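In: generate a structure from the sequence data that follows.
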Amino acid sequence: MSVDSGDVKFNNCRFQSGLLINGSNVEVMNCFATAGDGNAITLGGGFAVNRVAIYNTAAELDNIILATVQVGIGVQNFEMIGCHIVNIGGGPAILDFETPGPIDPLHLYAHNYIKGPSPAGGPAATPAVLDPGNTTNTIAFYQNVVFGHVGNLTSQQLHANNTLQGLMLWAQGGVGIPMDAYGNVQFTASFNNLPASWRD
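Out: From the prediction side, this is the model:
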């Protein structure tokens, strides 16, 4: 489904062929999104969008190339809170292309359960959450539970109090002390698999 206009609110909806948001003032709550040959949720596919919120929503994909949730360039005032974001096919769960930074306000990801590729391949493995543009200060990433690595070794973001089966690869944006000081718990000795319960 494509949302090209603004001022739309979705509650308790099911998107079988993905959700494309190209309009502003969009809120998605208590929904489920999946797709066969595209992203489960795409924001700003070449369009500048503003004020998009996704709450308590499950998004799942089984794809080695595509991301479950893809956030494009020019997305402003975006937040994703309390969601279940899973890619069981080997691709990232979240791909945030926002560039260049810094942006104000930051894209906010908080209280989400995120599952991407296994972190067993080491820091070079595809992260569960990725900002491939090597951007700086575009993402605020707080209090999430993640299976997989998070970030890009050459970028800086703001992050705190996350629990990972993997590594936090971002440097802390604007601060020169180790990321462990921000309360991120990283399980790296062994990687215990976490569930991906949504299946159609």
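In: so which residue is dead centre in the chain?
Out: residue 94 (3.2 Å; CA atoms, centre = their mean).
In: ok now do it, which residues does it touch?
Out: Contacts for residue 94 (CB atoms under 8 Å, 6 or more residues apart in numbering) come out as 67, 68, 69, 70, 71, 85, 109, 114, 116, 128, 129, 130. In short, each C-beta sits where N, CA and C put it, glycine included.
In: run through this structure and note the low-pLDDT ranges.
Out: Low-confidence segments of the chain (pLDDT under 70): 1-5, 174-180, 199-200.
In: report the buried residues of stretch 184-197.
Out: 184, 186 (16 or more other CB atoms under 10 Å).
In: residue 89: neighbour count?
Out: Neighbours of residue 89 under the rule other CB atoms under 10 Å: 15.
In: likewise residue 25?
Out: 15.
In: mind checking how far residue 183 is from residue 91?
Out: In this view, residue 183 and residue 91 are 28 Å apart by CB to CB, to the nearest Å.
In: please report phi then psi for residue 120.
Out: phi -60, psi -20 (degrees, to the nearest 10).
In: and which of the contacts of residue 94 is nearest to residue 12?
Out: Closest approach to residue 12 among the contacts of residue 94 (CB to CB): residue 85, at 18.2 Å.
In: SS state for the closest one?
Out: strand (DSSP: H, G, I helix; E, B strand; the rest coil).
In: give the contact list for it.
Out: 58, 59, 68, 69, 93, 94, 112, 113, 114, 115.
In: highest neighbour count among these?
Out: Most surrounded of those: other CB under 10 Å gives residue 68, at 32 neighbours.
In: now that residue. Nearest residue, chain neighbours left out?
Out: Leaving aside its chain neighbours, residue 68 sits nearest to residue 61 (4.1 Å; criterion: CB to CB, 6 or more residues apart in numbering).
In: distance of the one you found from residue 123?
Out: Distance from residue 61 to residue 123, by CB to CB: 23 Å.
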